[in-house]
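In: coords please:
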Amino acid sequence: MERLSVLYANALFDLAKEKNTTDEFLDQAILVRECLQDEDCQRVLSHPQIPASEKHKFFENAFSGKVHTDLLGFLYLVADKNREVALLPALTKLIATIEQHKGKVTARVVSASPYDDNQAQSLKAMLSRRLDKDVELDMKVDSSVIGGPYIFVDGYHIDWTVKKRLRDLTIHMKEGCSA
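Out: Have a look, this model is predicted:
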């Protein structure tokens, strides 16, 4: 299904580029994805007893006049082909593709405690300088990392967490004892 999502996203991206509507598609794809991530929406879309015509009405009521007709047509196509499972991954891929095309990336940052605004802005500025791209932060809190950040951005994986350092130390000590 991942391959299908990529095909859908690439087709939508090509269409947006052709019509010079990438900014419009980006904003609208984010809107649609956010709406469709709702649990109630997911139940409606994935329910096998709800026909495609009802899903068309659902999409029309939710997005008509708010999204480009090509994007609405994509939603109809997905319902017609009973491929709703590919919808959110395709929208996510489309968003990432357009952002990459525009020189934007999203850094996923996991830390033990939330960053204040100054810390987040400093990290964003540092990553933007290093990558020479506009960086958006997707911040998550996970107390199991103990301290320090874990960052995944533009194919790079940076792990400065205390959890990793303790794991590395344990491995090093085991290797030292067995030598």
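In: lowest-confidence helix or strand of the chain?
Out: Sorting the helices and strands of the chain by mean pLDDT, DSSP states H and E puts helix 162-178 at the bottom, at a mean of 85.
In: Can you give me the separation between the spatially closest residue to residue 114 that is not a sequence neighbour and residue 149?
Out: When the adjacent residues along the chain are set aside, residue 114 lies closest to residue 141, with 5.5 Å between them (C-beta to C-beta, 6 or more residues apart in numbering). Every residue, glycine included, has its C-beta placed from N, CA and C. With the distance defined as C-beta to C-beta, to the nearest Å, residue 141 ends up 11 Å from residue 149.
In: which one of those two has more residues nearby?
Out: Per other C-beta atoms under 10 Å, whichever of residue 141 and residue 149 has more neighbours is residue 149, with 18 against 12.
In: circling back to that earlier point, for the residue nearest to residue 114, what are phi and psi?
Out: When read as degrees, to the nearest 10, the backbone of residue 141 gives phi -110, psi 130.
In: what's the first-to-last distance across stretch 108-121?
Out: Here the two ends of stretch 108-121 are set 14 Å apart, with distance taken as C-alpha to C-alpha, to the nearest Å.
In: in that stretch, what's buried?
Out: 109-112, 115 (16 or more other C-beta atoms under 10 Å).
In: Sitting in strands, which of those residues do you find?
Out: 109-111 (DSSP state E).
In: Specify which member of those is nearest to residue 133.
Out: Closest approach between these and residue 133, by C-beta to C-beta: residue 109, at 15.4 Å.
In: Per-residue pLDDT of that closest one, please?
Out: Per-residue confidence for residue 109 comes out at a pLDDT of 96.
In: and what of residue 15?
Out: With respect to pLDDT, residue 15 scores 94.
In: How about it, nearest residue that isn't a chain neighbour?
Out: Counting by C-beta to C-beta, 6+ apart, residue 15 lies nearest to residue 70, which is 5.6 Å off, once chain neighbours are set aside.
In: which ones are touching residue 37?
Out: Applying C-beta atoms under 8 Å, 6 or more residues apart in numbering, one finds that residue 37 lies in contact with residue 88.
In: no wait, residue 121
Out: Contact criterion C-beta under 8 Å, 6+ apart gives no residues in contact with residue 121.
In: again with residue 19
Out: Contact partners of residue 19, counting by C-beta under 8 Å, 6+ apart, are residue 70.
In: quick revisit: out of the ones in strands among the buried residues of stretch 108-121, which comes closest to residue 22?
Out: Closest to residue 22, out of all of those and judged by C-beta to C-beta, is residue 109, at 26.1 Å.
In: Give me the contact list for the helix or strand the residue nearest to residue 15 falls within.
Out: Secondary structure from DSSP states H and E places residue 70 in helix 69-80. Contacts with helix 69-80, where a contact means C-beta under 8 Å, 6+ apart, come from 8, 12, 15-16, 19, 25, 28-29, 32, 45, 52, 55-56, 59-60, 63-64, 84, 86-87, 90.
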